[in-house]
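S.K.: Have a look at this prediction, sequence included:
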Amino acid sequence: MKLHNPRIAPVPEDQWTPAQQAILETLSPYRRQMNVYRTLVRHPALAQRFFVFSRYILAESTLPPRDRELVILRVGWLCQSEYEWSRHTILARRVGLSDEELCRIIAGPTAPGWSSFDATLLQAVDELHEQTCISDATWTMLGQRYSEQQLMDLVFTVGEYTLVSMALNSFGVQLDPETTGFPPTE
């Protein structure tokens with residue numbers, strides 16, 4: 001973790017204001033207990049609007065779930081957002097990513113074992129992270145499989161999770177009890 005203590009602490013349930021409670025009750029009981037949501041709700045107007053966009057990216061975008069999680073985890077790694085990584089490894093396993101693939105995400109698009117498309121998808125994340133633009137070559141390769149809407153959703157997914165990673169790191173959002181951080185690296 002970049003910070004070992006929160007700069008902005010999660011709101012304990014017994015201290016939720018009516019506005020905070022109304023926002024958090026739109027989430028499942030499980031999600032209501034997550035540090036990320038209980039931290040963001042300290043700013044109810046922002047949280048209410050942000051959750052709408054976040055819900056679209058996570059549950060309604062045109063990206064296949066496996067691709068989405070591959071992208072989000074690469075963003076989490078590049079931004080060194082341990083909280084993001086820990087939450088999305090759970091989701092990634094649910095959509096079929098193996099532990100071997102999770103470790104390979106850390107190595108990036110040039111790691112042996114990726115399909116050509118997976119490597120290109122990770123390359124797009126790296127390019128957005130480093131240059132804030134996908135190169136023509138990568139865009140063309142992605143366009144062989146992805147529709148225009150999927151390409152748009154890809155860029156917005158990388159952007160949204162970069163933003164989330166910045167917030168998590170800067171606010172010092174701590175890992176939830178049921179999660180672990182980054183895997184050990186050599």
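M.R.: Sure thing, it's come through.
S.K.: give me the low-pLDDT residue ranges for the chain?
M.R.: Applying pLDDT under 70 to the chain picks out residues 186.
S.K.: cutoff 90 now
M.R.: Residue ranges of the chain with pLDDT under 90: 1-2, 27-30, 178, 180-181, 183-186.
S.K.: In it, mark out all the helices, start to finish.
M.R.: 18-24, 29-32, 35-40, 44-55, 65-78, 82-94, 99-107, 116-131, 136-143, 148-171 (DSSP state H).
S.K.: Tell me which of these lies nearest to P177.
M.R.: Closest to P177 of the helices of the chain is helix 35-40 (C-beta to C-beta; 9.4 Å). Every C-beta, even on glycine, is put in place using the N, C-alpha and C of the backbone.
S.K.: List the buried residues for the closest one?
M.R.: By neighbour count on 16 or more other C-beta atoms under 10 Å, the buried set for helix 35-40 is N35, V36, Y37, R38, T39, L40.
S.K.: okay, these in JSON lines with distance to S116 next?
M.R.: Formatted as JSON lines, the buried residues of helix 35-40 follow (distance: C-beta to C-beta, whole Å):
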{"residue": "N35", "distance to S116": "37"}
{"residue": "V36", "distance to S116": "34"}
{"residue": "Y37", "distance to S116": "37"}
{"residue": "R38", "distance to S116": "41"}
{"residue": "T39", "distance to S116": "39"}
{"residue": "L40", "distance to S116": "37"}
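S.K.: If we only consider those, which is nearest to P112?
M.R.: Closest to P112, out of all of the buried residues of helix 35-40 and judged by C-beta to C-beta, is V36, at 33.6 Å.
S.K.: Which residue comes closest to that closest one once chain neighbours are left out?
M.R.: Distance criterion C-beta to C-beta, 6 or more residues apart in numbering; nearest residue to V36, sequence neighbours excluded, is V173 at 5.6 Å.
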